[in-house]
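> Here is the input, now give the coordinates:
(one chain, ligands or ions: 1)
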Amino acid sequence: MIALQKKDVKYVVTYNDRAFIKKIVFQNGIVLDVFPEVQEILYMQRQTSSRLTEAGGMLLGYENACTGNFTISGATEPQVEDIRSRVSLLLGKQHQELLKSLKSPYGYIGTWHTHPSKIPIPSFVDIQDWKKSIIKNSNSTSALIFIIAGTEAFRVWLCDSTRGILIEGKEL
Ligand SMILES: [Zn+2]
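The predicted model follows:
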């Protein structure tokens, strides 16, 4: 797997109009709705100063069984047991605990984390982690969603559960 280079950046999702649901479309036609509260978490956790460490959590929501579209209605926020540095993050077990309180159809549908750059580029480690998440995914969704929040924009990928193919989404 080759890590993406800056020249490969095609799509970014802005932090504009965070009070409204943001619609993101993937090349395979799947549409993702990102609720305002999730956009606000991404926005608030941005690494906008050099002392701020990487933040992240789980994306919560559901897959529409009829359309195959996804909704991210919530996200777990940084927890005290997270191990955070400027460029790395290990989520504490509290994120898993928070998942237990969710009622069907709501569940884990991916992860988010921040990067200190304006426009985030997934690292080799990120892509490895996403592939591992797909293999471990106990949820029955056909894909998982991964978000990286940069300081000026965020980017969203959908990873197919069966083939592990990553597709980047663009704002509709
Ligand atoms: Zn990363």
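
> count of residues packed around residue 10?
Residue 10: 9 surrounding residues under other CB atoms under 10 Å. Every C-beta, even on glycine, is put in place using the N, C-alpha and C of the backbone.

> so it sits in a helix?
No - using DSSP: H, G, I helix; E, B strand; the rest coil, the assignment for residue 10 is coil, not a helix.

> Please give the element, helix or strand, for whatever residue of the chain ends up closest to the ion.
Using CB to the ion, the closest approach of the chain to the ion is made by residue 126 at 4.0 Å. Element membership for residue 126 (DSSP states H and E) is helix 124-136.

> The ion contacts on this structure?
For the chain, the residues found near the ion under the criterion CB under 5 Å from the ion are 123, 126.

> ok, 8 Å please
54, 87, 89, 113, 115, 120, 122, 123, 125, 126, 148 (CB under 8 Å from the ion).

> Any idea which of those residues the model trusts least?
Comparing pLDDT over these, the lowest score belongs to residue 87 (90).

> In three-state terms, label it for me.
For residue 87, the assignment made with three-state DSSP gives coil.

> Give me the nearest residue to it, chain neighbours excluded.
Using CB to CB, 6 or more residues apart in numbering and skipping the chain neighbours, the partner closest in space to residue 87 is residue 54 (6.4 Å).

> and residue 12, how many neighbours does it have?
Neighbours around residue 12, by other CB under 10 Å: 17.

> can you check residue 42 too?
For residue 42, the number of neighbouring residues by other CB under 10 Å comes to 24.
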